[in-house]
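>>> how does the following fold in three dimensions:
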Amino acid sequence: MTRVIYDMDKTITRAPTYTRWLVYWALRQAPWRLGLLPLAGIAGIGFRLGLLSRERLKELAQRLLMGNAAPRDRVNFHAAGFAATVVARGLMPGAVAQLAADTAAGHDIVIATASYAFYARAIAATLGVDRVVATGSVWDSDRLRARIDGDNCYDTAKAAMVAAAFPGEHFVRAYSDHVSDAALFALADEPVAVSPSRALRRLAAARGWRVVDWR
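Numbers count the residues shown, from 1 in each chain. Purely as a prediction, here's the structure:
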């Protein structure tokens, strides 16, 4: 079986999903937590200054907006609702068409994303995709902790996680918008830069990769 790999945020979806998820959750579970958004913004500045790792920033934002003991049933319920809103109004038109074309061609679709698996899988399921490689979370029984389980599924870690999930598998194409997925592209016969960032556009030009605009 041949497979194709899709990044999710800004490749399939029009915009990044993590902050949108946190706001979606807080609005429905604890609106008072929205008042903590400025603290998440300060943490973001700390990340840009090199004072926080990407992983720690993600965990801090989750703790501020979701707390440290979200019940599994509520997480699953709201993840399904969030997925429905993303798929209804937040997809790249070209991504929808390409997903349909790849499926019709008999390729197995894999979504690989730095987003948390607990909502990325819900988005993928709504799209009819059941193979997802994403950032894991620590669960304490049925409570979601604000901690990453394993590696953040980003950059070289994403490529390693995909390779580990599908050892020896053949990937026909890989689609992404961001240069951080250069290692992921190396797993596929054909890298495709999707509505790329400037850095990825430069890399694609240097390496002769195809560039498409799915907006």
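>>> contacts, neighbours, all on C-alpha from now
OK.
>>> tell me which stretches of this protein form helices.
18-29, 37-48, 54-66, 72-89, 93-104, 117-126, 156-165, 182-185, 198-207 (DSSP state H).
>>> any chance of the ones you listed in CSV, plus mean neighbour count, mean pLDDT and distance to Ser137?
Output for those, formatted as CSV (neighbours: other C-alpha atoms under 10 Å; pLDDT from 0 to 100; distance: least, C-alpha to C-alpha, whole Å):
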stretch, mean neighbour count, mean pLDDT, distance to Ser137
helix 18-29, 17, 98, 14
helix 37-48, 15, 96, 19
helix 54-66, 20, 97, 10
helix 72-89, 16, 98, 12
helix 93-104, 15, 97, 27
helix 117-126, 21, 98, 7
helix 156-165, 18, 97, 15
helix 182-185, 21, 97, 22
helix 198-207, 14, 96, 29
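>>> make a markdown table out of these and add distance to Asp142.
Putting the helices of the chain into a markdown table (distance: least, C-alpha to C-alpha, whole Å) gives the following:
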| stretch | distance to Asp142 |
| --- | --- |
| helix 18-29 | 17 |
| helix 37-48 | 25 |
| helix 54-66 | 15 |
| helix 72-89 | 5 |
| helix 93-104 | 33 |
| helix 117-126 | 13 |
| helix 156-165 | 25 |
| helix 182-185 | 32 |
| helix 198-207 | 40 |
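>>> of those helices, which approaches Thr2 most closely?
Closest to Thr2 of those is helix 93-104 (C-alpha to C-alpha; 10.2 Å).
>>> for that closest one, packing partners?
Contacts defined by 3 or more C-alpha pairs under 8 Å, 6 or more residues apart in numbering; DSSP states H and E place helix 93-104 against strand 108-116.
>>> if we go to 10 Å?
If you count contacts as 3 or more C-alpha pairs under 10 Å, 6 or more residues apart in numbering; DSSP states H and E, helix 93-104 packs onto strand 3-6, strand 108-116.
>>> measure Arg215 to Ala114 for me?
Going from Arg215 to Ala114 by C-alpha to C-alpha, to the nearest Å gives 21 Å.
>>> thinking again about what came up before, relative to Ala134, which of the helices of the chain is closest?
Nearest of the helices of the chain to Ala134, taken as C-alpha to C-alpha: helix 117-126 at 5.0 Å.
>>> circling back to that earlier point, closest to Ile12 out of the helices of the chain?
Checking these against Ile12 by C-alpha to C-alpha gives helix 93-104 as the closest, at 5.2 Å.
>>> what sits up against the closest one?
3-4, 6, 8, 10-14, 87, 92, 105, 107-109, 127-129, 173, 175, 194-195, 212-215 (C-alpha atoms under 10 Å, 6 or more residues apart in numbering).
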